[in-house]
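In: Next comes the sequence, and after it the predicted model I'd like to discuss.
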Amino acid sequence: MTRIQLPYNKWHERPYQEALWDYLMAGGKRAYAVWHRRAGKDDIALHWSACLMHERIGNAWHCLPEYAQGRKALWTAVNPHSGKRRIDEAFPNELRESVNDNEMFIRMKCGSTWQIIGSDRYNATVGASPMAITYSEWALANPSAWAYHRPMLQENNGAALFITTPRGRNHAMSMLNHAQQSGDWFAQVLTARDTGALNEEQLSEALREYESIYGADMAQALWRQEYFCDFNAAVLGAFYAYECAAVRNEGRIAEVSPPPGTPVHRAWDIGIADDTSVWKWSVVGSQLFIYSHNATSGVGVDWWRDKLAAEDAEHGWVAGSDWVPHDARHREFGTGRTIVETMSALGLKPMPVPSVPVQDGINAARRTFPYCVFHPRCDETGLSALEQYRREWDDERKTFRASAVHDWTSHPADAFRYLALSWRTAKARAIELPKRTGIMIPPPAEHRGGMRL
């Protein structure tokens with residue numbers, strides 16, 4: 001299909017990009033391209049947005065995993081083949097009405113607008129009416145962004161384009177499976193050998209470069225991930241790579257439910273300026289059944305109480321305790337009260353977890369994984385976050401730092417860490433003496449200090 005010819009825009013799609021381009025130019029609404037590194041994913045997305053904005057007046061967004069990435073990754077990025085900024089090629093100055101550099105926002109003379117946003121700040125787009133959204137590096141993005149934006153696009157008969165390389169068996173893989181099985185989606189996986197964009201010598205050089213930095217084993221995983229779209233390659237620096245792989249390989253994703261009367265506890269990571277994350281779980285015999293994971297931002301404890309109570313009512317679950325960070329006794333929601341006091345006043349049952357170093361909590365999580373069975377509803381935003389929770393890479397020292405990358409995976413991982421620090425105590429508290437006494441056996445002595453309110 002011939003591309004819409006925009007004045008001053010001399011870009012043309014590459015041969016292997018034609019199938020996706022034709023789908024988009026024909027008015028396709030849902031497209032998913034898993035293409036190798038340097039295949040031109042962002043280029044085709046930018047030029048699609050430019051054409052669409054001149055077909056229909058509206059707002060187009062380009063969503064990166066983190067808003068802070070937008071300036072370096074796209075706004076100031078230069079096409080090495082032309083020496084021009086990519087956004088200048090897609091949106092030539094002659095077609096622009098105005099530019100807001102601080103907000104990475106362009107208004108076109110035709111009346112349409114284009115802007116960079118981040119999946120880490122998806123709630124900041126409340127009230128907006130996009131007609132098109134590109135989700136760049138979708139495998140690294142917060143999947144909650146799509147859940148939040150989807151109704152907006154449906155209302156506006158808008159279009160969404162997802163472009164990415166893999167990052168393990170996470171929500172990006174689940175979406176690919178859905179797209180490939182749906183007649184309403186365009187779905188395509190292209191490796192470096194499919195496109196021919198890189199020759200064998202260039203691919204070999206990339207592998208040698210990775211080996212010099214990461215070592216042979218990690219280099220092979222990264223090489224297969226970046227250039228051959230391998231979802232099974234390990235995520236570099238992942239804290240729980242082996243544990244999560246065991247969960248999947250051993251079939252511990254299953255339709256579990258609590259036995260009648262079994263309390264369903266909650267493990268919280270409470271966000272003040274970012275996401276709050278909550279896992280729901282029960283101790284069943286020697287196993288941990290994990291039923292759901294929820295995360296959102298910009299709401300208060302009362303919203304969470306109602307949300308979790310509605311989920312309990314839907315499934316017939318008996319509410320247990322609310323295991324919260326140890327410093328919940330000190331933080332405030334702006335009311336002058338601690339989180340523990342606020343939760344208690346709303347009918348929740350807050351129990352602060354023991355205060356331990358983060359690394360000790362991570363080790364506790366690793367020891368907890370073998371007991372866990374996850375319900376499938378946990379997979380997309382919960383288990384996939386645990387699979388991607390990873391160390392920061394120190395490019396100067398060429399090694400991983402002990403600290404974790406702070407992104408959308410941090411909150412589910414922190415909440416799971418609190419689950420790992422609380423489940424044995426929750427199990428001990430549930431052991432009752434003979435019914436006539438009505439006395440509960442207290443938890444082991446080493447846990448008591450962490451539970452006092």
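Out: Right, received. Where do you want to start? Since this is a predicted model, take the numbers as computed values, not measurements.

In: Please determine how far Ile87 is located from Phe416.
Out: Separation of Ile87 from Phe416 (CB to CB, to the nearest Å): 39 Å. C-betas here are computed from N, CA, C, even on glycine.

In: These two - which one has more neighbours?
Out: Using other CB atoms under 10 Å as the criterion, Ile87 and Phe416 rank with Phe416 on top: 30 against 22.

In: May I see the buried residues of the helix or strand encompassing the more buried one?
Out: Counting by DSSP states H and E, the element that carries Phe416 is helix 410-429. Buried residues in helix 410-429, counted by 16 or more other CB atoms under 10 Å: 410-427, 429.

In: for stretch 380-397, same thing?
Out: Neighbour counts over stretch 380-397 (16+ other CB under 10 Å) mark 380-391, 393 as buried.

In: Show the average pLDDT along it.
Out: The pLDDT scores in stretch 380-397 average 86.

In: any low-confidence regions in this protein?
Out: Low-confidence segments of the chain (pLDDT under 70): 1-5, 7, 9, 127, 272-273, 330-336, 431-453.

In: try 50 this time
Out: Scanning the chain for pLDDT under 50 picks out the ranges 1-2, 333, 432-453.

In: what's the spatially most central residue of it in contact with, if anything?
Out: The centroid of the chain falls nearest to Asn142 when counting by CA atoms, centre = their mean (2.9 Å). Asn142 is in contact with Pro65, Ser119, Asp120, Tyr122, Asp275, Asp407, Trp408, counting by CB atoms under 8 Å, 6 or more residues apart in numbering.

In: Which strand or helix spans it?
Out: Going by DSSP H and E, Asn142 is not in any helix or strand.

In: how much space between it and Asn177?
Out: Relative to Asn177, and taking CB to CB, Asn142 is found at 19 Å.

In: Got the domain ranges for the chain?
Out: What the record gives for the chain is the domain set 15-193, 200-231, 249-451, from automatic domain parsing.

In: Is it possible to get JSON lines of the ones you listed that adds distance to Ala241?
Out: Below are the domains of the chain laid out as JSON lines (distance: least, CB to CB, whole Å):
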{"stretch": "domain 15-193", "distance to Ala241": "8"}
{"stretch": "domain 200-231", "distance to Ala241": "10"}
{"stretch": "domain 249-451", "distance to Ala241": "7"}
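
In: closest one to Tyr8 among the ones you listed?
Out: Minimum separation from Tyr8 across the domains of the chain (CB to CB) falls at domain 15-193, 3.9 Å.

In: burial of the residue lying closest to Leu419 once chain neighbours are set aside, as a residue count?
Out: Spatially, and ignoring its direct neighbours in sequence, Leu419 is nearest to Ala267 (3.7 Å; CB to CB, 6 or more residues apart in numbering). By the measure other CB under 10 Å, the count of residues near Ala267 is 29.

In: any idea how far Asp101 is from Cys110?
Out: Look at Cys110 and Asp101: by CB to CB, they are 21 Å apart.

In: neighbour-wise, which of the two wins?
Out: Neighbour count, other CB under 10 Å: between Cys110 and Asp101, Cys110 has more, with 13 against 10.

In: Quick check on Phe105: phi, psi?
Out: phi -130, psi 140 (degrees, to the nearest 10).
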